[in-house]
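In: Test case, fold it:
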Amino acid sequence: MAIGNFDGVHIGHKAIVTKLLERARGVSGPAVVFTFDPHPVRLLRPEQSPPPLTWTERKAELLAAIGVDWVIAYPTDEALLRLSARAFFYRIVRNSLQARAMVEGPNFYFGHNREGTIDLLRRFVDEAGMTLDIVEPVAAGGGMVSSSRVRRLILDDGAVGPAREMLSAPYRVRGIVTHGAGRGAKIGFPTANLEGVDTLRPAHGVYAALALLDGGRLPAAVHVGPNPTFGDDASKIEVHVVDYDRPLYGKALEVDFLDRLREIRPFASVDELVAQLRRDVAEAQGIGRRCLDAEAR
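Out: Numbers count the residues shown, from 1 in each chain. Predicted structure coming up:
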């Protein structure tokens with residue numbers, strides 16, 4: 001088993017899973033990831049809790065896609081957070097789950113007040129006659145890959161393209177489609193307005209994306225932020241699905257972000273805005289189709 005938050009399921013997590021699968025085959029058992037729902041920081045220091053990169057079901061889906069057999073999303077509560085490192089190890093790892101091998105990163109902590117270090121874990125594992133593998137962080141793009149780094153790229157710069165190189169799949173958000181001002185439809189670009197997004201929102205900008213609809217994914221252009229041309233300061237996520245005209249109001253919609261096309265800016269006229277939107281949609285459609293073609297190959 002491997003224990004951790006696995007937020008975003010990036011390529012560093014994938015390296016841990018690769019070793020996890022190897023150890024699982026060695027002991028003829030399932031490969032299990034034990035994670036937390038919600039992240040412990042949301043209970044301990046809610047004011048410092050960052051927006052997650054993935055919701056629990058999406059995290060399990062991504063982990064299953066890279067080979068994990070079981071994902072345990074343990075409900076985080078005060079009782080769990082009060083467990084000492086020794087109690088956590090013996091009550092959960094050994095007695096409840098009967099683990100025979102563990103795989104972790106070097107910065108793993110567990111137990112009350114994060115008292116459990118890798119060295120303490122190694123001692124417990126040796127006492128229990130288990131094995132422990134430590135997987136070193138993975139480097140990419142000039143630095144070590146981490147959920148925090150991916151979060152900064154998406155939030156600060158809208159760099160969903162570089163972030164995608166560090167993730168096991170494109171960055172995805174979900175929400176419910178609600179009625180907006182209806183301006184998009186009036187100028188030929190109807191949009192689905194997403195509300196209730198429960199993960200990190202990318203920085204303001206216009207993005208190429210894929211919308212999950214009708215059992216597949218379709219190219220889309222996504223506007224994140226205000227609409228300064230119309231004097232609208234409210235930040236919204238608006239999804240224009242290319243060549244799609246079916247009603248979406250009230251439906252759940254998931255969107256994969258592929259690349260940032262441009263920043264948001266006011267336009268001198270609606271005609272100037274429409275001309276730019278045509279270019280945005282054409283570029284987003286091309287990026288989306290190339291992504292789908294690459295996946296098909």
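In: Quick one: list the elements packing against the helix ranked longest in the chain.
Out: Assignment by DSSP state H gives helix 270-296 as the longest helix of the chain. Applying 3 or more C-beta pairs under 8 Å, 6 or more residues apart in numbering; DSSP states H and E, one finds that helix 270-296 contacts strand 205-213, strand 216-227, strand 252-262. To be clear about C-beta, it is placed using only N, CA and C from the backbone, and glycine gets the same treatment.
In: among those strands, which is nearest residue 63?
Out: Residue 63 lies closest, by C-beta to C-beta, to one member of these: strand 252-262, at 17.2 Å.
In: Which strands or helices does the helix or strand hosting residue 64 pack on?
Out: Using DSSP states H and E, the element containing residue 64 is helix 56-65. With contacts taken as 3+ C-beta pairs under 8 Å, 6+ apart, helix 56-65 sits against strand 32-37, strand 70-75.
In: just those: most buried one?
Out: Highest mean neighbour count of the helices and strands packed on helix 56-65: strand 32-37, a mean of 20 (counted as mean count of other C-beta atoms under 10 Å).
In: now it and strand 70-75, what's the angle there?
Out: For strand 32-37 against strand 70-75, the angle by axes from the mean of the first three to the mean of the last three C-alpha atoms, to 10 degrees is 20 degrees.
In: Just the buried residues of the helix holding residue 64, please?
Out: Using 16 or more other C-beta atoms under 10 Å as the test for burial, helix 56-65 gives 58-60, 62-63.
In: Format these as JSON lines; extra columns: distance to residue 96.
Out: Formatted as JSON lines, those follow (distance: C-beta to C-beta, whole Å):
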{"residue": "58", "distance to residue 96": "25"}
{"residue": "59", "distance to residue 96": "21"}
{"residue": "60", "distance to residue 96": "19"}
{"residue": "62", "distance to residue 96": "24"}
{"residue": "63", "distance to residue 96": "20"}
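In: Need those in TSV (columns: pLDDT and distance to residue 121).
Out: Output for those, formatted as TSV (pLDDT from 0 to 100; distance: C-beta to C-beta, whole Å):
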residue	pLDDT	distance to residue 121
58	97	28
59	97	23
60	97	24
62	98	25
63	98	21
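In: Dump the helices and strands packed on helix 56-65 into JSON lines; add distance to residue 276 and mean pLDDT as well.
Out: Shown next, in JSON lines, are these (distance: least, C-beta to C-beta, whole Å; pLDDT from 0 to 100):
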{"stretch": "strand 32-37", "distance to residue 276": "41", "mean pLDDT": "95"}
{"stretch": "strand 70-75", "distance to residue 276": "43", "mean pLDDT": "95"}
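In: Out of these, which is closest to residue 192?
Out: Going by C-beta to C-beta, the one of the helices and strands packed on helix 56-65 nearest residue 192 is strand 32-37, 27.8 Å.
In: C-terminal to the closest one, what's the next element?
Out: Counting by DSSP H and E, what follows strand 32-37 is helix 40-44.
In: Which stretches in the stretch 1-150 of the chain count as helices?
Out: 11-26, 40-44, 56-65, 78-82, 85-88, 118-127, 147-152 (DSSP state H, counting those that start in this stretch).
In: For residue 170, find the nearest of these.
Out: Set against residue 170 and scored by C-beta to C-beta, these come closest in helix 56-65, at 10.7 Å.
In: Might you calculate how far that closest one sits from the centre of the chain?
Out: 10 Å (C-alpha atoms, centre = their mean, to the nearest Å).
In: that older thread, which one of the helices and strands packed on helix 270-296 lies closest to residue 154?
Out: Of all the helices and strands packed on helix 270-296, strand 252-262 comes closest under C-beta to C-beta, at 7.9 Å.
In: so what strands line up beside that closest one?
Out: Sheet pairing for strand 252-262, assigned by DSSP bridges, gives strand 171-178 (antiparallel), strand 205-213 (antiparallel).
In: Next secondary structure element downstream of the first one?
Out: By that I understand strand 171-178. Next along from strand 171-178, by DSSP H and E: helix 183-186.
In: So for that next one, what gets flagged as buried?
Out: Across helix 183-186, burial judged by 16+ other C-beta under 10 Å covers 183-184.
In: got CSV for the helices and strands packed on helix 56-65, with distance to residue 18 too?
Out: Formatted as CSV, these follow (distance: least, C-beta to C-beta, whole Å):
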stretch, distance to residue 18
strand 32-37, 13
strand 70-75, 16
